[in-house]
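K.L.:
Quick one, structure for this:
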Amino acid sequence: MTQPLVLACAQYSIDFLGSWPAFERKLDRLLAEALERGANFLLLPEYFSMELASLFDEPVYRSLSAQLEAMQTLLPDFMEFFSQRARRHGLHILAGTIPVHLADGRFVNRAYLFRPDGSHDWQDKLQMTRFEKEQWHISAGDDIRVLDTAFGKVGVAVCYDSEFPLIVRRQVEAGARLVLVPSCTDTEAGFNRVRIGSQARSLENQCFVAQSPTIGQAPWSEAVDINTGRAAIYTPVDYGYPDDGILVMGDADQPGWVVATLDLDALETVRTQGQVFNHRDWDGQLDY
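P.N.:
The predicted structure is shown next:
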C-alpha cells in the first residue's frame, strides 16, 4: 500500500542569517515542525535561498550580479544539506529554488527535488519575469520535466511558470497529478497572479497544485527585499473537493507550514465521474 502523501508548504520568512550554521539551525527547526505535523513531502519557496547572500559582505549582497557569483560557492553545501536531511528523515524535499551557473555561462533559477534514497532531480524555471531577465540576467531553462517520487510523478512550475497553461499541461500529460509552485512575489497583485494561475491549472487539469511563497521584508537584499504571499494547496472544483477549490491556505505574514494529506489516486474518480471533465475535454478546445 502506498504511503499517504502529507504535503507541507512553507510560508518562509527571509532573514539576515550571517552564517551557514544559522541557516542549518533555521531549516532544522522548520523541518522538525513539519515532521511533528506528519509531513513526508516538503515544498519551499522560490529564491528562499537568497537569504544565504547575507553570509557575504555588504558589497556582495547589495549587488545583483555579485551575489549570483558568490552563491555558487555555497551550492555544494546547499545540496549536501538537503540531501542529508531527506535521507535522515525519509522526506521528499522540493528545496525551493537557487540560482545555478551553467557551463555555458548562463544562470538559471533551479528547483531541486531531494529524495529519501539520496537521489535528486530538478526543474529549471522556464518563463522569466522582467526583473529576472532585464535586471538580474537570469536565463530560462531548456526543458519541461516531470520528477519521479515514491508517490508518482510531480511537476514543478516555478512562480511565473504557473501562469502559462501549456507548461503545466505538458507535465500533466506526462503523468503529474501534483504540481508544485515555489513562488516569490513582492506585491499582492503578484501573489494573486500566481494564485489565480495555480488555481486555473488545478481546475483545467483536475489535479492538485501547491504554492509556497517567501514572506516578509529584507531591506538588506537587492533580490528579495519585499515578499508577499500565502501558502496554499488547490484542488479540482468538483465532487469531493472544496467548492472554492482551496483545500488549505495560510494566514498572511505568518511564517510556518500549511499541511494537508493528498489522495492522488482519487483524482481519477473526479476525472471520470465528476460534474465536468476538464482534464478529458482539453483537446476539445483545439477543434475551434
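
K.L.:
Now do the contacts for the residue lying closest to residue 223 once chain neighbours are set aside.
P.N.:
Of all residues not flanking residue 223 in the chain, residue 50 sits nearest, at 4.8 Å (C-beta to C-beta, 6 or more residues apart in numbering). (Each C-beta comes from the backbone N, C-alpha and C, glycine too.) With contact taken as C-beta atoms under 8 Å, 6 or more residues apart in numbering, residue 50 is in contact with 14, 67, 71, 221, 223, 224.

K.L.:
Residue 37 now?
P.N.:
By C-beta under 8 Å, 6+ apart, residue 37 lies in contact with 6, 8, 257, 259.

K.L.:
same check, this time on residue 212
P.N.:
For residue 212, the contact set (C-beta under 8 Å, 6+ apart) comprises 9-12, 43-45, 96, 180-183, 231.

K.L.:
circling back: for the residue nearest to residue 223, helix, strand, or coil?
P.N.:
The local conformation at residue 50, judged by DSSP: H, G, I helix; E, B strand; the rest coil, is helix.

K.L.:
out of the contacts of residue 37, who has the most neighbours?
P.N.:
residue 8 (28 neighbours; other C-beta atoms under 10 Å).

K.L.:
give me the element it is part of.
P.N.:
strand 5-13 (DSSP states H and E).

K.L.:
outside of that strand, which residues touch it?
P.N.:
Counting contacts by C-beta under 8 Å, 6+ apart, the residues outside strand 5-13 that touch it are 30, 34, 37-45, 48, 96, 151, 178, 210-216, 227, 229-233, 250, 254-264.

K.L.:
Just the CA trace of the strand or helix carrying residue 216, in CSV.
P.N.:
Per DSSP H and E, residue 216 falls inside strand 208-217. Taking C-alpha atoms only, strand 208-217 is exported to CSV below (Å, rounded to 0.1, in the frame of the first residue of the first chain):
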residue,chain,number,x,y,z
PHE,A,208,-3.5,19.2,-7.1
VAL,A,209,-1.4,22.4,-7.3
ALA,A,210,0.5,23.6,-4.2
GLN,A,211,2.1,27.0,-3.7
SER,A,212,4.8,28.1,-1.3
PRO,A,213,5.8,31.8,-1.0
THR,A,214,8.5,33.8,0.6
ILE,A,215,7.1,36.4,3.1
GLY,A,216,8.4,39.4,5.0
GLN,A,217,10.8,42.2,4.3
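
K.L.:
Neighbouring strands of that strand in the sheet, and parallel or not?
P.N.:
Strands that pair with strand 208-217, judged by DSSP bridges, come out as strand 5-13 (parallel), strand 178-183 (parallel), strand 226-227 (antiparallel), strand 232-234 (antiparallel).

K.L.:
quick one, strands of the stretch 1-150 of the chain?
P.N.:
Shown for the stretch 1-150 of the chain, the strands assigned by DSSP state E, counting those that start in this stretch span residues 5-13, 41-43, 92-94, 98-101, 107-114, 120-124, 147-149.

K.L.:
how about those, which one is nearest residue 130?
P.N.:
Within the strands of the stretch 1-150 of the chain, the stretch nearest residue 130 is strand 107-114; the backing value is 14.0 Å (C-beta to C-beta).

K.L.:
For the residue positioned nearest the centre of the chain, which non-adjacent residue is closest in space?
P.N.:
Averaging the C-alpha coordinates of the chain gives a centre point, and the residue nearest to it by C-alpha atoms, centre = their mean is residue 182 (2.2 Å). Take residue 182 and drop its neighbours on the chain: the residue closest to it by C-beta to C-beta, 6+ apart is residue 46, 4.2 Å away.
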